[in-house]
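S.K.: build me a structure from this.
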Amino acid sequence: MEHILLIEDKIAHIELIETYLEQADYDHRLYKTHSLQDGLDMIRHHKIDIVLLDLGLVDSAGYNTLRVFKTDVHNVPVIVLTAYDNDVLRIKTIQAGAQDFLVKNNFDEKQLVHAIRHAILRYKAQVKLQEDLWNLRNREQRLLQLNQLALLGELEMDVLNNDMMWSDKTYELLGYHPKSFSPKFSDYLRTIHSEDLELVNNAFQEAGKNGKAFQVEHRAVISNSRVKHLLLKGEVTSEEASGKILLIGILQDVTAIKKTESAAINVTSSSDNLPETLSHLSSQMRKPLSKLQNYIEQVEKLDDPIYAEIAKESKLAIIGLTDLAYKQMNTATLATLRTQRELVQLSDWKDEIERLLKLKALEERVQLFTQWDERLAEQFYTDERLLSLLIFNSIHILLKYRTENEALHIHFISENPDTLRIILVASKRMTALHKRKELTERLKIVWQSQPSSTVEESLRTSMLRLTKILKMLGGSIRSSKNQDIELKLPLERYQQEENEESDPSNNPATMLVIEHQPIMQIDIKRMIRSSSLPPIDLDFVSDLEKGIQKYNEKKYDILLIDIQSPVLSSIKFIRQLNVRKPTKIIALAAAFSETDKSFFYELGVKTLLTKPLKREEFLPPLSRLLES
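M.R.: The predicted model follows:
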């Protein structure tokens, strides 16, 4: 049923329209108003599919009637009714957005219904086209943003004449201004490090011969001085319309990954600076990881197949970054026996582990299920870094011993408050049980530090890391008859003193952190929780607006604020703080000039800290503020 609104002030014409609709046996409901304003009000309160609009009404006349209607109504098609058959007016009304133009007394019931049906269909097609255009523009923008975040450029080469096309990002990656020239293959080769030139040239030639997908990593020399590490993935395809043979590819900047790989190698030779080095490496890895993962999750919600391939490539980059972060922490673990006791929030740690497992499952194309015991304590003391590494190494080993199409299950169980049991559940299939039995026997050999030639070197290293971390945490390992692997760990629950709430002197200090970077929030939390400082009740917000709201709701002893998010609003907020509610303020920024320092000290800021935060620079002044 179509809901039709007729805006007409002449009774004879109203009756004629009613008669035509009845004679045509058209399934409809007719609404009628005599004035334009009443018609606009009707649309606001009723579902209307189409409007029949007379241009000569009691409160409006001529072309202006349509103009006012279209200004107010954007989502309902309209057919103009007029007593004048005027070609100029007809063209003008169609250009203004009317779907059709009918001259009174010049149409019958069939022509009326035909006009209504086609107007509705035409309008729906126009709306769909506009949505498609908007989605296309939005998609292009999102793809551009995703490419920028993933440091991805696109290129295309005509295999026959070596003409190339580069995306703007490719120009930037190779050190050129976008669209500053029409590139050829020789221009691409000109940027490549002399030692990698033969490698790249051979890769292109082989791809042209066999048509297979390829990838090659090489260095590019930018502006004759700066060196970038680039990863090129490409394949040869044919374009049916033009008959061209094209090599298409994606170019990714992997310089940061190469740097962190080099840094990870040097970790063992710098044990005195291990905590600082490890924190720096972790920051390098987690920033792009957090950005990419959050953005890709938003892109995936669009459920658009055009995003699938580039999202897949970006996820692979995330997996590589995650693996590298954990591998470099593994390297540090083998280089030192130090552990860091800290207060762990189960919900925070659970999120990290679920994210890790999700990425590993994606990488290995395996179904992976987790089960968390509701009896697990929400807060407990342990080394959170080592606990996460334990899971990483467990999964790495387990994946080596899975049979084809075998799903993996991990259970986190707490039979008593002071013990965590992590059970890697085996499949009940005989082939899977056989492989798992082989795994448990080899783990037993490594756990007991027995020499064995049956354990391959790479897997033995992973098993050695697993058992070493388990021993560092004071845990144990065993297997069940079903070949389930059980890791048992002692936990020290956080227990609040009985009089802690009642005695104000025992209440923890309160601290609000206004910081927009998730990695900075994580670093601040971990530095405080792993320190010997008195308990601090920490609250984190990501922007100033939420910070002001939080600050007004609760009394805080200390405020740590990133003044660069944004600067002016932050300064205005700091200026008002000590007037309303005295608070010890720590200001954080990338750098402070001498003028800046004087300015902020005059505002009442107690401490100025620069990013990235270092433990030895952050904790001592924080301790002094807590004592003062």
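
S.K.: pretty sure Phe21 contacts Lys110?
M.R.: You called it Phe, but residue 21 is Leu. No - if you go by CB atoms under 8 Å, Leu21 and Lys110 don't touch, sitting 11.4 Å apart. To be clear about C-beta, it is placed using only N, CA and C from the backbone, and glycine gets the same treatment.

S.K.: which one's more surrounded, those two?
M.R.: Taking other CB atoms under 10 Å, Leu21 and Lys110 do not tie; Leu21 has more neighbours (21 against 11).

S.K.: so Leu487 bridges to which residues?
M.R.: On the basis of DSSP bridges, Leu487 is bridged to Ile422, Ile477.

S.K.: quick one: it and Leu390 touch, right?
M.R.: Yes - between Leu487 and Leu390 there is a contact at 6.8 Å, judged by CB under 8 Å.

S.K.: now the common contact residues for the two.
M.R.: Shared contacts of Leu487 and Leu390 (CB atoms under 8 Å, 6 or more residues apart in numbering): Ile422, Leu470.

S.K.: buried sites along stretch 390-400?
M.R.: For stretch 390-400, a neighbour-count test (16 or more other CB atoms under 10 Å) marks Leu390, Ile391, Phe392, Asn393, Ser394, Ile395, His396, Ile397, Leu398, Leu399 as buried.

S.K.: any chance of TSV for those residues, columns distance to Asp41 and pLDDT?
M.R.: TSV is the format used below for the buried residues of stretch 390-400 (distance: CB to CB, whole Å; pLDDT from 0 to 100):
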residue	distance to Asp41	pLDDT
Leu390	67	84
Ile391	63	84
Phe392	64	81
Asn393	69	81
Ser394	67	84
Ile395	63	82
His396	67	79
Ile397	71	80
Leu398	67	80
Leu399	65	78
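
S.K.: Tyr551 contacts Leu560, correct?
M.R.: No - checked against CB under 8 Å, the pair Tyr551 and Leu560 is beyond contact range at 11.9 Å.

S.K.: neighbour-wise, which of those two wins?
M.R.: Per other CB under 10 Å, whichever of Tyr551 and Leu560 has more neighbours is Leu560, with 25 against 22.

S.K.: quick one on the thing from earlier: JSON lines for the buried residues of stretch 390-400, including secondary structure and distance to Ala591?
M.R.: Output for the buried residues of stretch 390-400, formatted as JSON lines (DSSP: H, G, I helix; E, B strand; the rest coil; distance: CB to CB, whole Å):
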{"residue": "Leu390", "secondary structure": "helix", "distance to Ala591": "39"}
{"residue": "Ile391", "secondary structure": "helix", "distance to Ala591": "38"}
{"residue": "Phe392", "secondary structure": "helix", "distance to Ala591": "36"}
{"residue": "Asn393", "secondary structure": "helix", "distance to Ala591": "39"}
{"residue": "Ser394", "secondary structure": "helix", "distance to Ala591": "43"}
{"residue": "Ile395", "secondary structure": "helix", "distance to Ala591": "41"}
{"residue": "His396", "secondary structure": "helix", "distance to Ala591": "41"}
{"residue": "Ile397", "secondary structure": "helix", "distance to Ala591": "45"}
{"residue": "Leu398", "secondary structure": "helix", "distance to Ala591": "46"}
{"residue": "Leu399", "secondary structure": "helix", "distance to Ala591": "45"}
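
S.K.: distance check, Thr82 against Thr607.
M.R.: 76 Å (CB to CB, to the nearest Å).

S.K.: after the helix or strand where Glu131 lies, which helix or strand is next?
M.R.: Counting by DSSP states H and E, the element that carries Glu131 is helix 109-149. Tracing the chain C-terminally past helix 109-149 and defining elements by DSSP H and E, one meets strand 152-158 next.

S.K.: who are the packing partners of that next one?
M.R.: Helices and strands touching strand 152-158, by 3 or more CB pairs under 8 Å, 6 or more residues apart in numbering; DSSP states H and E, are helix 109-149, strand 164-166, helix 168-173, strand 244-253, helix 308-335.

S.K.: which of the ones you listed comes out lowest on mean pLDDT?
M.R.: Lowest mean pLDDT within the helices and strands packed on strand 152-158: helix 308-335, at a mean of 60.

S.K.: and the strands in the stretch 1-150 of the chain, which stretches?
M.R.: Assigned strands in the stretch 1-150 of the chain, in chain order: 2-7, 28-33, 50-54, 78-82, 100-103 (criterion: DSSP state E, counting those that start in this stretch).

S.K.: deepest of the ones you listed, which one?
M.R.: For the strands of the stretch 1-150 of the chain, average neighbour numbers computed from mean count of other CB atoms under 10 Å are highest in strand 50-54, which has a mean of 25.

S.K.: can you count the residues close to the nearest residue to Leu346 once chain neighbours are set aside?
M.R.: Among residues not flanking Leu346 along the chain, Glu378 sits closest, at 5.0 Å (CB to CB, 6 or more residues apart in numbering). Glu378 has 10 neighbours, counted by other CB under 10 Å.

S.K.: go on, Ile423?
M.R.: For Ile423, using other CB under 10 Å, the count is 17.

S.K.: same question, Asp9
M.R.: Counted with other CB under 10 Å, Asp9 comes out at 17.

S.K.: and it, what does it touch?
M.R.: Neighbours of Asp9 in contact, by CB under 8 Å, 6+ apart: His34, Ser35, Asp54, Gly56, Leu57, Val58.

S.K.: wouldn't the second one be in contact with Asp54 here?
M.R.: Just to be clear, that refers to Ser35. No - using CB under 8 Å, Ser35 makes no contact with Asp54, being 10.4 Å away.

S.K.: pull up the overlap in contacts between those two.
M.R.: Residues touching both Ser35 and Asp54 by CB under 8 Å, 6+ apart: Ile7, Asp9.

S.K.: now do the contacts for Ile586.
M.R.: By CB under 8 Å, 6+ apart, Ile586 lies in contact with Ile558, Leu559, Leu560, Ile561, Val605, Lys606, Thr607, Leu608, Leu609, Pro621, Leu622, Leu625.

S.K.: who does it form a beta bridge with?
M.R.: Going by DSSP bridges, Ile586 forms beta bridges with Leu560, Thr607.

S.K.: domain ranges for this protein?
M.R.: In terms of domains, the chain is parsed into 2-129, 150-253, 342-383+395-495, 504-627 (source: automatic domain parsing).

S.K.: buried residues in the host helix or strand of Glu441?
M.R.: In this assignment (DSSP H and E), Glu441 forms part of helix 430-447. Neighbour-count burial for helix 430-447 flags Ala432, Leu433, Lys435, Arg436, Leu439, Thr440, Arg442, Leu443, Lys444, Ile445, Val446, Trp447 (criterion: 16+ other CB under 10 Å).

S.K.: grab the nearest non-local neighbour of the first one.
M.R.: Spatially, and ignoring its direct neighbours in sequence, Ala432 is nearest to Thr403 (4.6 Å; CB to CB, 6+ apart).
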